[in-house]
Structures are given as structure tokens and as C-alpha cells.
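1. Starting from these lines, generate the structure:
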Amino acid sequence: MLLGVLESIYQVRKLSNFDKPSRLQLFAREAVNGNIDVIIFSPSGVNFEDCTVSGLVFDISETSWKSGQTPFPDVIYDRAVFGSRGKEKLLGVSVRKRLKEEFQIPFINTINSFDKWETYQALSRYPEIKVFLPETLLYRDTADLAHFLEKYEIVYIKPTGGAWGRNVFRVNQAQDRKYLFSHREKGSNFHDLLTLEEFHKKIIKGKLAGKSVIVQQGITLASFKGTPFDFRVRLQKNGSGEWKIVEKFARMAAPGSVVTNISNDGIYRKFKTCIPLVFPGKETRINREIRSFVYTACNRLEESFGRLGEIGFDIALDHSAKIWLLEVNSKPANDPLNHKFFVYPFKYAKYLWKKQTETP
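-> Predicted coordinates:
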């Protein structure tokens with residue numbers, strides 16, 4: 001069986017320049033041990049005329065990547081994130097579409113990313129999910145923000161296609177028709193005292209110009225030793241096509257930060273370390289509720305967006321220990337120290353390949 005890993009040209013170049021991302025190195029070793037051949041390729045490496053892909057194949061004897069060409073893969077593990085603009089994004093959309101529809105190649109991960117507004121609309125249709133969603137609105141003008149600020153002490157502004165905690169603004173009530181807008185950028189915290197009209201002009205029409213934006217109910221996060229935190233819960237499908245939690249950990253915000261993202265200087269803490277200290281006696285109930293919620297949410301997301309192979313949920317706990325879904329990630333980063341991340345994808349690939357070959 002041949003498994004293709006679709007990556008951005010940036011990741012492929014890193015490999016070809018002997019800069020070896022540990023997750024791909026470990027993944028390739030596990031695949032070889034499972035009797036699976038692997039090729040890493042970008043959209044530009046696909047040749048539809050002769051049904052081949054050019055990219056990098058893993059040489060187990062030398063534990064290195066080498067240039068190679070193979071027929072179209074039996075299954076494609078889509079890990080590529082191209083951002084919101086550029087030629088590669090357009091090519092990626094076209095290549096994915098043809099490989100799926102014209103050549104009927106099974107994909108692990110059928111979408112590039114979860115648009116925050118589309119995801120909210122999809123999940124809010126289910127009563128068992130909606131109760132865990134902060135109220136969210138697509139930003140049209142300052143009246144939308146003013147409406148939320150009348151209802152909630154804290155409000156968040158986010159691009160619908162944003163990632164890594166970038167361009168996330170927290171809004172707090174201030175005085176004299178002005179509000180405190182806070183965000184984190186390049187390791188520093190920034191605070192601006194602005195009217196809603198000033199914010200619209202400076203941020204919506206300036207920094208976020210051209211981006212679709214949501215307004216979201218702010219959740220006051222529970223704190224661990226005085227530091228606000230939330231959770232990342234990662235799930236992948238196993239060799240039976242079933243969802244399994246592969247990791248659950250807390251993310252502690254950097255001092256003064258409005259986001260907890262590790263890419264914005266947040267830090268990891270073990271789930272089982274934090275919860276008993278923050279909510280003594282409630283850890284069993286919290287863990288049970290999170291497990292039930294994420295498994296239900298995975299199935300509901302697939303009903304709306306098609307087959308998925310891995311999902312990362314960002315989940316908050318407020319001061320009453322109620323859980324809230326903050327964000328859904330289609331291709332969460334893999335932890336090089338967690339063996340399961342590199343076992344489940346190729347086992348699930350085998351499962352998809354077998355189903356494909358058994359289909360009459």
C-alpha cells in the first residue's frame with residue numbers, strides 16, 4: 001500500500017534541505033514498520049497526465065528523505081495548510097478536488113480548515129452541542145459588537161479563518177464610550193482604549209481588512225495558580241475507523257495574554273495535574289463530560305463537513321466547571337513524544353484502503 005502525505009511546499013522543501021521535522025520522520029518510520037510506503041508531496045508535485053506524484057520518499061536504511069516519483073497513492077493523508085491567499089492555495093483546492101472526485105482517492109481529512117463561523121452554524125443545529133457553544137455572531141458593523149457588549153462583560157473578535165491565536169482581540173467595558181481592546185502579537189501584549197467606531201476603522205478596516213470576522217461571547221477561564229487556562233483535546237481515527245482521544249492537556253496563557261496558544265508563548269500542563277487542584281472532587285465528572293462531548297462533536301462535524309481523520313478541540317472551563325467549546329482545529333499539530341499520533345493515521349489509512357478495494 002502507498003500512502004501519500006500532502007504537505008505545503010514549505011514542508012517539502014524543509015525535508016529536501018535535510019531539515020527533518022520530527023513528526024514526519026517518526027511517522028515515516030512507523031509506516032515502514034507497518035509495511036506501508038510513504039511519499040511526501042505538495043500540490044505542485046501532482047501530474048495528472050501520467051497519474052504520478054513527485055516528492056520525497058523515505059529511505060529506511062539511511063533514515064533520510066530522497067527525491068522520488070510514484071503512481072497516485074492509494075490513500076492521501078492531508079496535512080497541508082496553505083493559508084488564505086496565494087497560488088499554492090488555489091492549486092491545492094484544485095488538486096484536492098480532482099484527486100477526490102475524478103480519481104476517487106480516499107482522503108484522511110477532507111477539508112483544509114474549519115471556518116469558525118461555518119463551524120458554529122453547523123454545530124449550533126444540534127441541541128446537545130449548542131449548549132456548550134459561546135454565543136457567536138458574524139460581524140457586520142459596530143452595532144453587532146455593541147449588542148454583545150451589552151450582554152457580556154467580555155467579548156472576543158476573531159477572523160473566521162484565523163489560526164495560532166493570531167489577530168484575536170479581547171474587548172472589555174471601559175468608560176466614556178471607550179472600550180479596552182487587547183491582543184497579543186509577536187510575544188507582546190497590546191492594549192488600546194478605543195470607541196467602537198475607532199476600532200472599526202483601525203482594526204476591521206485596517207489590520208483585518210478583507211477578512212470575515214466573528215464576535216463571540218467571552219468566557220472567563222478557570223485559573224491554575226493564578227494563570228488562565230483551557231484544554232486541547234486531540235482525537236484521531238484508529239484502524240477500525242473509530243474516534244479515539246490521543247491526548248488531552250491544559251494550555252496556560254502567557255502573562256497578560258488574551259490567548260492560550262502554545263504558538264503565542266502558552267505552556268503545556270497535564271490535564272490530570274491541573275483539574276484536581278482547580279476543581280477538587282470534580283475531576284471524574286469533568287473528564288466524563290469532555291469525553292462525551294468530543295465524541296459527539298466529532299460525529300456531528302462529519303455529518304456537516306464529510307470524512308475526517310483527526311480533530312483538535314479547544315475547550316474552556318469557566319469558574320463553575322462548565323465546559324465550553326472555543327474552537328475546532330482540522331489538522332492539530334502532532335506531539336513528537338506521543339507515539340499514538342504516528343500509529344493511528346497509517347492504521348486508519350489501511351482501513352480506508354481496505355474498504356476501497358472491497359467496494360464492488
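
2. quick one, phi psi at residue 184?
-> Main-chain dihedrals, residue 184, degrees, to the nearest 10: phi -120, psi 140.

3. got it, and residue 140?
-> For residue 140, the backbone dihedrals (degrees, to the nearest 10) come out as phi -110, psi -50.

4. buried sites along stretch 73-86?
-> Judged by neighbour count (16 or more other C-beta atoms under 10 Å), stretch 73-86 contains these buried residues: 73, 74, 75, 76, 77, 78, 79, 80, 81, 82. For glycine as for every other residue, the C-beta is placed from the backbone atoms N, C-alpha and C.

5. Show me the protein divided up by domain.
-> 2-109, 116-133+221-330, 136-217 (automatic domain parsing).

6. Of all those domains, which one is nearest residue 346?
-> With distances scored as C-beta to C-beta, the stretch of these nearest to residue 346 is domain 2-109 (4.7 Å).

7. Kindly check the end-to-end length of the closest one for me.
-> End-to-end distance of domain 2-109 (C-alpha to C-alpha, to the nearest Å): 17 Å.

8. Tell me how far that domain lies from the chain's centre.
-> 19 Å (C-alpha atoms, centre = their mean, to the nearest Å).

9. just the helices in the stretch 251-360 of the chain please.
-> With DSSP state H, counting those that start in this stretch as the criterion, the stretch 251-360 of the chain has helices at 271-278, 283-305, 340-358.

10. Mind giving me the packing neighbours of the shortest one?
-> The one in question is helix 271-278. On a contact count with 3 or more C-beta pairs under 8 Å, 6 or more residues apart in numbering; DSSP states H and E, helix 271-278 meets strand 223-224, strand 243-252, helix 283-305.

11. Go again with 10 Å.
-> Contacts defined by 3 or more C-beta pairs under 10 Å, 6 or more residues apart in numbering; DSSP states H and E place helix 271-278 against strand 223-224, strand 227-237, strand 243-252, helix 283-305, strand 310-317.

12. how much does it deviate in direction from strand 227-237?
-> Angle, helix 271-278 to strand 227-237, by axes from the mean of the first three to the mean of the last three C-alpha atoms, to 10 degrees: 140 degrees.

13. Contacts for helix 271-278, please.
-> By C-beta atoms under 10 Å, 6 or more residues apart in numbering, the residues outside helix 271-278 that reach it are 222-225, 227, 229, 231-233, 247-250, 252, 269, 282-284, 286-287, 290, 317, 319, 321.

14. Please report the number of neighbouring residues for residue 240.
-> The number of residues packed near residue 240 is 9, by other C-beta atoms under 10 Å.

15. which residues touch it?
-> Per C-beta under 10 Å, 6+ apart, neighbours of residue 240: 347, 348, 351.

16. neighbour-wise, which of those leads?
-> Ranking these using other C-beta under 10 Å puts residue 348 first, with 24 neighbours.

17. Please look at that one and residue 34 and confirm they touch.
-> No - if you go by C-beta atoms under 10 Å, residue 348 and residue 34 don't touch, sitting 11.3 Å apart.

18. Confidence-wise, which helix or strand of this structure is lowest on average?
-> strand 267-270 (a mean of 71; mean pLDDT, DSSP states H and E).

19. Give me the contacts around stretch 99-108.
-> Contacts of stretch 99-108 (C-beta under 10 Å, 6+ apart): 3-6, 43, 46, 48, 51, 53, 72-79, 96, 98, 110, 236-237, 306-310, 344-346, 348-349, 351-353, 355-356, 359.

20. Just the buried ones among those, please.
-> The neighbour count (16+ other C-beta under 10 Å) marks 3-6, 43, 46, 53, 72-79, 96, 110, 236-237, 308-310, 344-346, 348-349, 351-353 as buried among these.

21. Reformat the helices of the stretch 251-360 of the chain as JSON lines; add mean pLDDT and distance to residue 142.
-> Shown next, in JSON lines, are the helices of the stretch 251-360 of the chain (pLDDT from 0 to 100; distance: least, C-beta to C-beta, whole Å):
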{"stretch": "helix 271-278", "mean pLDDT": "85", "distance to residue 142": "37"}
{"stretch": "helix 283-305", "mean pLDDT": "95", "distance to residue 142": "31"}
{"stretch": "helix 340-358", "mean pLDDT": "85", "distance to residue 142": "43"}
